[in-house]
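Participant: missing the sequence, but the structure's below:
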């Protein structure tokens, strides 16, 4: 309480950063849960308060936070978060459907820019062989794509829900490309190490790609999965 001004000071200025993060996390969790509960209440034509009494509050008591219960359901665990609750299959299905659609982790774009060159006889074929070796290192969970920016610059990227795994996989793919191109007398230089990219950065990249592709439409033989 600010005695001089006569009101409660709700600003974050005197709050420790750690406490701010924790409070914001609780707020965002509660906001996500409330959005779910409101949506299900509206679609199933039941009172929001009743839905909280049937599902929301019991899950808060059981798991500490209803959001954590929904994340368990999303993880594919065999645990039935609704066990012991008097809830119809219709409402249960509506909740799980919303959870899978709205609370699932959003894929993250991981990207790295590399320069690959080879001035030996194998030249372009050696570069394509190296890039293909890096691309096939990808998995269904972490697919790897390589696109030409402008010779000798390439962008290697993946879309995955696991940021750390995505960075690790791109790093491994780059080392595979490096090994193959070096064995053919070429070289690889990492211009931008693997990192998560923002929507703005990705938009700028796409604009640059579109511009360079338009400028080099008449160039043949140097493209590798150009888009």
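Facilitator: That came through, no problem. Predicted, not measured: the structure shown is a model, and the values here were computed from it.
Participant: could you say which helix or strand contains the closest residue to residue 95 other than its chain neighbours?
Facilitator: Nearest non-adjacent residue to residue 95, counting by CB to CB, 6 or more residues apart in numbering: residue 40, 5.6 Å away. (Glycine included, C-beta is placed from N, CA and C.) In this structure, residue 40 sits in helix 17-43 according to DSSP states H and E.
Participant: And residue 45, by the same measure?
Facilitator: Under the criterion of DSSP H and E, residue 45 resides outside all helices and strands.
Participant: same thing with residue 158?
Facilitator: strand 153-160.
Participant: next SSE after that strand?
Facilitator: helix 163-183.
Participant: ok, so what distance separates residue 47 from residue 53?
Facilitator: 9 Å (CB to CB, to the nearest Å).
Participant: Next, the contact list for residue 187, please.
Facilitator: The contact partners of residue 187, by CB atoms under 8 Å, 6 or more residues apart in numbering, come to 116, 117, 118, 181.
Participant: Could you double-check that the first one lies in contact with residue 152?
Facilitator: Yes. Applying CB atoms under 8 Å, one finds residue 116 in contact with residue 152, separated by 5.6 Å.
Participant: So what pairs up with the residue most central in space within the chain in the strands?
Facilitator: With distances taken as CA atoms, centre = their mean, the chain has residue 108 as the residue nearest its mean C-alpha position (2.2 Å). Applying DSSP bridges to residue 108 gives these bridge partners: residue 160.
Participant: That one reaches residue 161, doesn't it?
Facilitator: Yes. Here residue 108 reaches residue 161: they are 6.8 Å apart, a contact under CB under 8 Å.
Participant: circling back: quick check on the contacts of residue 187: which are buried?
Facilitator: If you count burial by 16 or more other CB atoms under 10 Å, the buried members of these come out as 116, 118, 181.
Participant: next one: phi and psi at residue 186?
Facilitator: The phi and psi torsions at residue 186 (degrees, to the nearest 10) take the values phi -100, psi -170.
Participant: sorry, back to before: any common contacting residues for residue 116 and residue 152?
Facilitator: Overlap between the neighbourhoods of residue 116 and residue 152 consists of residue 127, taking contacts as CB under 8 Å, 6+ apart.
Participant: Contacts made by stretch 45-57 with the rest, please.
Facilitator: Stretch 45-57 is contacted from outside by 33, 37-38, 40-41, 44, 66, 82, 85-87, 91, 95, using CB under 8 Å, 6+ apart.
Participant: And it, end to end?
Facilitator: The first and last residues of stretch 45-57 sit 19 Å apart, counting by CA to CA, to the nearest Å.
Participant: do stretch 153-173 as well
Facilitator: According to CA to CA, stretch 153-173 extends 16 Å from its N-terminal end residue to its C-terminal end residue.
Participant: Equivalent analysis for stretch 192-202, please.
Facilitator: 14 Å.
Participant: Now go through the contacts of residue 187 and say which are in strands.
Facilitator: 116, 117 (DSSP state E).
Participant: In JSON lines, list the contacts of residue 187 along with distance to residue 127 and pLDDT.
Facilitator: Below are the contacts of residue 187 laid out as JSON lines (distance: CB to CB, whole Å; pLDDT from 0 to 100):
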{"residue": "116", "distance to residue 127": "5", "pLDDT": "96"}
{"residue": "117", "distance to residue 127": "8", "pLDDT": "96"}
{"residue": "118", "distance to residue 127": "5", "pLDDT": "95"}
{"residue": "181", "distance to residue 127": "7", "pLDDT": "96"}
